[in-house]
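K.L.:
Sequence first, then the predicted structure, then my questions.
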Amino acid sequence: MTKTRGRPKAFDENAVLALAMEYFWEHGYENSSLDNLLEVMGIKKSSFYHTFKSKEELFSRCLALYTEQNIHFLNRLKEEKGAVEALLSLARLTIEQLNETKKVRGCLIINSGKECYNKYQELSHQINAGFNSIHQTFISFVEEAQERGEIGSKLEAQKIAGRYMNALNGLIVTIQAGATQELIDDLMEHLQEILS
């Protein structure tokens, strides 16, 4: 009979990681206490440290999960709607979220960048990597749309994607600050112009 080390895992690691990601997304890294995370994840401290080692490692894995899920969602949206419409749909989904829930969470990567910049070196590197992965996805969308003639601009795809990301995140921050519907509509028009 072979002996195994330690106890078998009594929880679904992916499921608790998803719960932690949602909590971090709602509250931010610094405002998420380990006690609150343990409660949300439904695991004991010993299991937490055995699996995740630290709050920073947990957050790092949540950032990786978010990036992976986000890119998967974007690619699915592109398959359903086409490249340009997928990009515009992201902004529309943000506005729908505001209308339905009266709040907008924004992008976990961008939110974390604001919070962790120059404070947590390893997390900052990972946030940068996640940002670049999403940016690269947007670049590939723009390139595809240019090849199909859906975007007429001859500007480099990298620049268009960068301007789009900046405008989208600007829209989100403006909504979070309480923008009027008139301003939101104007910013949506600006996004469409970037992708025309």
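P.N.:
Happy to help now that I have it. Numbering: from 1, shown residues only.

K.L.:
now the helices: where do they sit in the protein?
P.N.:
13-27, 34-41, 45-52, 55-81, 83-101, 108-116, 121-147, 157-176, 181-194 (DSSP state H).

K.L.:
got the buried residues for the first one?
P.N.:
Same thing as helix 13-27. 16, 17, 18, 19, 20, 21, 23, 24, 25 (16 or more other C-beta atoms under 10 Å). Quick note: C-beta positions are derived from backbone N, CA and C, even for glycine.

K.L.:
same deal with the fourth one?
P.N.:
When burial is assessed from 16+ other C-beta under 10 Å, helix 55-81 yields the following buried residues: 55, 58-67, 70, 74, 77-78.

K.L.:
Now tabulate the buried residues of helix 13-27 in JSON lines and tack on distance to residue 165 and pLDDT.
P.N.:
Putting the buried residues of helix 13-27 into JSON lines (distance: C-beta to C-beta, whole Å; pLDDT from 0 to 100) gives the following:
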{"residue": "16", "distance to residue 165": "30", "pLDDT": "95"}
{"residue": "17", "distance to residue 165": "26", "pLDDT": "96"}
{"residue": "18", "distance to residue 165": "25", "pLDDT": "96"}
{"residue": "19", "distance to residue 165": "28", "pLDDT": "97"}
{"residue": "20", "distance to residue 165": "26", "pLDDT": "97"}
{"residue": "21", "distance to residue 165": "21", "pLDDT": "97"}
{"residue": "23", "distance to residue 165": "25", "pLDDT": "97"}
{"residue": "24", "distance to residue 165": "21", "pLDDT": "97"}
{"residue": "25", "distance to residue 165": "18", "pLDDT": "95"}
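
K.L.:
Dump the residues you listed to TSV, plus distance to residue 85.
P.N.:
Output for the buried residues of helix 13-27, formatted as TSV (distance: C-beta to C-beta, whole Å):
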residue	distance to residue 85
16	35
17	31
18	28
19	32
20	32
21	27
23	32
24	30
25	25
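
K.L.:
what does stretch 153-166 contact?
P.N.:
87, 134-135, 138-139, 141-143, 146, 151, 191, 194-196 (C-beta atoms under 8 Å, 6 or more residues apart in numbering).

K.L.:
which residues does the spatially closest residue to residue 82 that is not a sequence neighbour contact?
P.N.:
Among residues not flanking residue 82 along the chain, residue 150 sits closest, at 6.9 Å (C-beta to C-beta, 6 or more residues apart in numbering). Neighbouring residues of residue 150 by C-beta under 8 Å, 6+ apart: 82, 83, 84.

K.L.:
Specify which member of these is nearest to residue 117.
P.N.:
The closest of these to residue 117 turns out to be residue 83 (C-beta to C-beta; 30.3 Å).

K.L.:
For residue 183, see how far away the residue nearest to residue 82 is.
P.N.:
Computed as C-beta to C-beta, to the nearest Å, the residue 150 to residue 183 distance reads 27 Å.

K.L.:
same check, this time on residue 30
P.N.:
For residue 30 relative to residue 183 (C-beta to C-beta), the value is 30 Å.
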